[in-house]
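>>> Let me see the structure of the following:
(chains A and B)
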Amino acid sequence: GENVEQHPSTLSVQEGDSAVIKCTYSDSASNYFPWYKQELGKRPQLIIDIRSNVGEKKDQRIAVTLNKTAKHFSLHITETQPEDSAVYFCAARGGKLIFGQGTELSVKP
Amino acid sequence: DTGVSQNPRHKITKRGQNVTFRCDPISEHNRLYWYRQTLGQGPEFLTYFQNEAQLEKSRLLSDRFSAERPKGSFSTLEIQRTEQGDSAMYLCASSPLGGNQETQYFGPGTRLLVL
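Numbering: from 1, shown residues only, chains lettered A, B, ... in the order given. Model prediction:
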C-alpha cells in the first residue's frame, strides 16, 4: 500500500547549523508534498509544501527539494534557532494524504 | 479565532462507553478530514468529506466508528463501545475548494483516553 518513510527519527543540531530531513514515498501518483511542524501538545502546522511540477521551493530559512524519479523529497532548515525545535512530518498525496513517522528536531543553544 | 476548532479537547472514558467529538472547519472550507495520531507517529487518515458527502473511509475506520457532516459544515466522529486501543489524538483538518485545495489546516485535536 501507500507508504511514506521519514528519516531520521531524531535530529540534534547546534543553533546556527543546518538540519535536513528526508522522506521517500511509494505511490508514484503522488503530486503534492507538504511539511508540517508540530510542537508538543499543539496542532500540526503547515510550514512549506511543494507540487510535483516543481523541483525546489524556498521560504526564508526553509527549503524543500523534490526528486520525482527517485520518489524522495527533503526539508532543509538553515541557521536553525531553538524555536525550530519540534516534531516535523512530511506527507505525500496521491489520493489521500499519507504522513511520515516524524522527526524530532532539537536545536541546542 | 477563524481556524479549525475541535471539542472537547480532552476526553476520558471507560471501556465500552460511546464518545462523540465535534469539528468545526474553517468557514467555507468544503473539505473536512479526520485523522488519528498516536504517540510518536504521524497522523493516520480516517475519513474525508466533501460538503456533506463522505467520499472515502480508511480500513482503520472499524464498524464502531462513524462520522457525519449533515449540513456540510461541522462534523462529528462517534466511537461506539470504546476500547483501550482507541486511545489517541483525533485530529480534524479542512481545506478549501479551488485554489490551494490540497492544503489542509488542522485543528487542535481531541485527546481520548480509554480506561
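>>> What parts of chain B come near chain A?
By Cβ under 8 Å from any Cβ of the partner chain, the part of chain B that sits against chain A consists of B:4, B:33, B:40-45, B:48, B:56, B:58, B:91, B:102-109. For every residue, glycine as well, the C-beta is placed using N, CA and C.
>>> Return, as residue ranges, the portions of chain B with sub-threshold pLDDT.
B:1, B:99-101 (pLDDT under 70).
>>> that older thread, mind checking which of the residues of chain B next to chain A are buried?
B:4, B:33, B:42-45, B:48, B:58, B:91, B:102, B:104-109 (16 or more other Cβ atoms under 10 Å in any protein chain shown).
>>> Specify which member of those residues is nearest to chain A.
B:G42 (3.1 Å; Cβ to the nearest Cβ).
>>> That closest one: what's it in contact with?
Counting by Cβ atoms under 8 Å, 6 or more residues apart in numbering or on different chains, B:G42 makes contact with A:4, A:6, A:89, A:91, A:99-102.
>>> Same check on B:Y48?
A:96, B:31-34, B:54-56.
>>> From the centroid of chain B, which residue is nearest?
B:W34 (3.2 Å; Cα atoms, centre = their mean).
>>> Next to chain B, which bits of chain A? Give me the list.
A:4, A:6, A:32, A:34, A:36, A:42-46, A:49, A:51, A:89, A:91, A:93, A:95-102.
>>> Can you lay out the contacts of B:Y48 as TSV showing secondary structure and distance to B:R9?
Converted to TSV, the contacts of B:Y48 look like this (DSSP: H, G, I helix; E, B strand; the rest coil; distance: Cβ to Cβ, whole Å):
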residue	secondary structure	distance to B:R9
A:K96	coil	25
B:R31	strand	23
B:L32	strand	18
B:Y33	strand	18
B:W34	strand	16
B:Q54	strand	24
B:L55	strand	27
B:E56	strand	26
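>>> and of the residues you listed, the nearest to B:S73?
B:L32 (8.9 Å; Cβ to Cβ).
>>> and the residue of chain A nearest chain B?
A:F99 (3.1 Å).
>>> Identify the residues contacting B:R9.
By Cβ under 8 Å, 6+ apart, the neighbours of B:R9 are B:108-111.
>>> Out of those, which is nearest to A:V20?
B:G109 (28.1 Å).
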